[in-house]
Structure formats: structure tokens, C-alpha cells
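Here you go, sequence then predicted model.
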Amino acid sequence: MGLKTSTFKRKKLLVVAIIIVAVSAIMMGFSTALAKNVNLIIDGKVKEVTTYSETVGDFLKTQNIKLHSDNLVIPGEEEKITEDMDIIVAEYKYYVIIDGKQIYSGKSINESVKDILKDLKIELDEDDVVTPGLLEKVKERDTIKIERVERQSYQTKTEIPYESEIVENADMYNGESKIIQKGVVGEKVDTFENVFVNGELVSIEPVDSQITIEPVKEIVEKGTKEIDVANLEGKKVKKVIVMQATAYDPTAGSKTAMGTKARVGAVAVDPRVIPLGSKLYIESMDGFPTYGYATAEDTGGAIKGNRIDLFYSTNAQALKFGRRNVKVYVLE
């Protein structure tokens, strides 16, 4: 009886031992399954740590790491721990930022200018100038200067004078001229760019120049034929003008614009073309009897430009003359 009891106890103890070993093995395996390896990076130094913590915040507590206002942890404290996670604890560095005309302090855990500006959410335009350069590294309390560059374009229009060409015409009298091709003024459009730095104009730069209207040369025919002065009693001719002539008679009035008596030889002109008082010789161009010597003494509402009105004694003579071209010699 005693032998049986002793054997039973030994079997019972063996079973218990086996259970304890099994449970321990299971617990160890479970614990091993819960453990995760992470990389703790503090101020750039890497340390591999095995942890059973669930969140980054819990992990920091197990490592006795207390955060203050100048610390940054990445990822955040609420983030779940994952295998091979990098947990970065860094201290903010302060930099002096000159952005245009603003000066302020900015903080970042980074050292490169590009990353610092990214942390500070400072956006740049392609023309902005950053000193030091974006790829440069800076030290705490260093100054990062941003010059805000703005470009505004505008255009100016400039006239291009046309050239003049004179062509001699032997069939026209000396002093006569005629425009056979009217000159056209050209146009050039220049584009410039105003460059502003931090709101102040620093330069004006030429960008483009285009001729939008080509100038057209003016061609003028000038007579070279010598004037036959046989009928001009040796008087010198200042110029010769081909004019359209009409006729008027005493029914138009007895006085001229100069206050003289209306008579044969007193003719009406445009004073802008022939000054009043000028001595003239008027020659027919189509076989009609030449009018001869005259004086510019009168004006008329319809007499504008190269037009002339010749006085005749009777209405019948005036009607016979009608309208025709004449050659007017302006005498000295």
C-alpha cells in the first residue's frame, strides 16, 4: 500500500513539472511574439531596442525619455509600435528667417536650408533667391535670407520713320513735284520687364523687340524741265503748281478778301498754299487761252488746297472756262 502511494505521488509531481515546463515555454513564446525590435534615434545616434510597448509614448516612458517643448518625436506618441520602426527624438534648432521685409525666428530639427523651409511651410517662387542655397547646411541661430523676386512685363510702341526717295522726271517742270508712293510710318513694339526685389524696383530688363508695321518708303517725282520764261518778262519763278481752276464773275461780289476791287487778274486761292499778295502767272494746260499774270487777292469757301478761282468780267466767260487744270507759276 505504501509503495503504491509513493509511486502515485511521483507520477503526479512529474505531470505537474511537465505542465509547468509547457506553460513556461508557451509564455516565453508568447512573450517573444509580443516583443518588437525598434531603432531609437536620439540626436542622430542610433540604438537598437527590443520593446513590449504598444505605442511610441509608452516606449519613451520605458526608456525614461521625457519630452519638453523643444523636443520632437517622430512618429507621434500615439503611433502604434511596429517591427523595425525608427523612433526619432530630436531637439528643435532655432534659425533667424529674413523673408522679404519680415524678420522672425523659426524652429526645425533639420539642418539643410531646403528642409528647414519645408518644416516652416515657407513656399518659394522660381525667381526667389535664398541665401545660403537650398542644398546648404546651416547651424543653429544662423540666418536664412529669402529675397522675393517679382517680374512685371510691359510694352512700348515706337514709330519708325519712313525713308524718302526722289525720282527726277524730265517731263515735269522744275519746281513741280508729285507723290507717286505715299510713305507709311512703321511701328516697333519693345517688351520690357520690371524686376522687383522685396517690393522695390531694382532693374528694367529688355525682353523682346518686334517690328509690327514695316515702314513704307515715300517716292516723290520732281520735275527737271526748265521753265520757258519767254512769256514771263524775265521774272524769276519760285515754284510751279498744277492746280484745279474754276471761274467767278462780278455776281460774286465787287471786293476781294484783301479789300481790293474784284477784276480780271485778281484770283482766289487757299492762303495756306499761296499767300495773299503773291504775284502769279497762270498758264492753260489744254489749249484754252492762258489767263496770264494775276495776283492772289481773294479767298473762297470752296477754295482749299491746290485750287484756284479765276475772275472773269462776264458770267458767260466764267461759264465757258468751267473747270480745268492750269499751271500756276509763283513769281518772286
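Yes, it's here.

Which residue is the nearest non-sequential neighbour of residue 160?
residue 186 (3.3 Å; Cβ to Cβ, 6 or more residues apart in numbering). Just so you know, the C-beta spots here come from the backbone N, C-alpha and C atoms, and that holds for glycine as well.

For the one you found, give its distance to residue 192.
According to Cβ to Cβ, to the nearest Å, residue 186 stands 20 Å off from residue 192.

now swap in residue 52 and tell me
From residue 52 to residue 192 the distance is 70 Å (Cβ to Cβ).

Just want to know which of those two has more residues nearby.
Ranked by neighbour count (other Cβ atoms under 10 Å), residue 52 and residue 192 place residue 192 first, with 15 against 12.

on that earlier part again, mind pulling the model confidence for the residue nearest to residue 160?
We have a pLDDT of 96 for residue 186.

same check, this time on residue 92
88.

excluding its backbone neighbours, what's nearest it?
Counting by Cβ to Cβ, 6+ apart, the residue nearest residue 92 is residue 107, at 4.2 Å.

residue contacts, the one you found?
Residue 107 makes contacts with 70, 92-95, 119, as judged by Cβ atoms under 8 Å, 6 or more residues apart in numbering.

Repeat that for residue 303.
268-270, 309.

go again using 6 Å as the cut-off
268, 270, 309 (Cβ atoms under 6 Å, 6 or more residues apart in numbering).

And for residue 256?
Applying Cβ under 6 Å, 6+ apart to residue 256 gives the contacts 262, 266, 297-298.

Can you tell me how far it is from residue 218?
37 Å.

got it, and residue 131?
57 Å.

Who has more neighbours out of those two?
The residue with more neighbours, out of residue 131 and residue 218, is residue 218; 16 against 12, by other Cβ under 10 Å.

What does the pLDDT read for the closest residue to that one other than its chain neighbours?
Spatial nearest neighbour of residue 218, excluding adjacent residues (Cβ to Cβ, 6+ apart): residue 183 at 2.8 Å. For residue 183, the pLDDT comes out at 94.

Can you give me the neighbour number for residue 183?
Neighbours of residue 183 (other Cβ under 10 Å): 17.

so what's it up against?
Residue 183 touches 162, 216, 218, counting by Cβ under 6 Å, 6+ apart.

Could you double-check that the second one sits in contact with residue 185?
By that I understand residue 216. No. Using Cβ atoms under 6 Å, residue 216 is not in contact with residue 185, being 8.5 Å away.

Are any of the contacts of residue 107 buried, and if so which?
92-93, 95, 119 (16 or more other Cβ atoms under 10 Å).

Include secondary structure and distance to residue 36 when you put these into CSV, please.
Shown next, in CSV, are the buried ones among the contacts of residue 107 (DSSP: H, G, I helix; E, B strand; the rest coil; distance: Cβ to Cβ, whole Å):
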residue, secondary structure, distance to residue 36
92, coil, 28
93, strand, 31
95, strand, 36
119, helix, 29
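
mind putting those residues in a markdown table, distance to residue 278 included?
Below are the buried ones among the contacts of residue 107 laid out as a markdown table (distance: Cβ to Cβ, whole Å):
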| residue | distance to residue 278 |
| --- | --- |
| 92 | 96 |
| 93 | 94 |
| 95 | 88 |
| 119 | 90 |
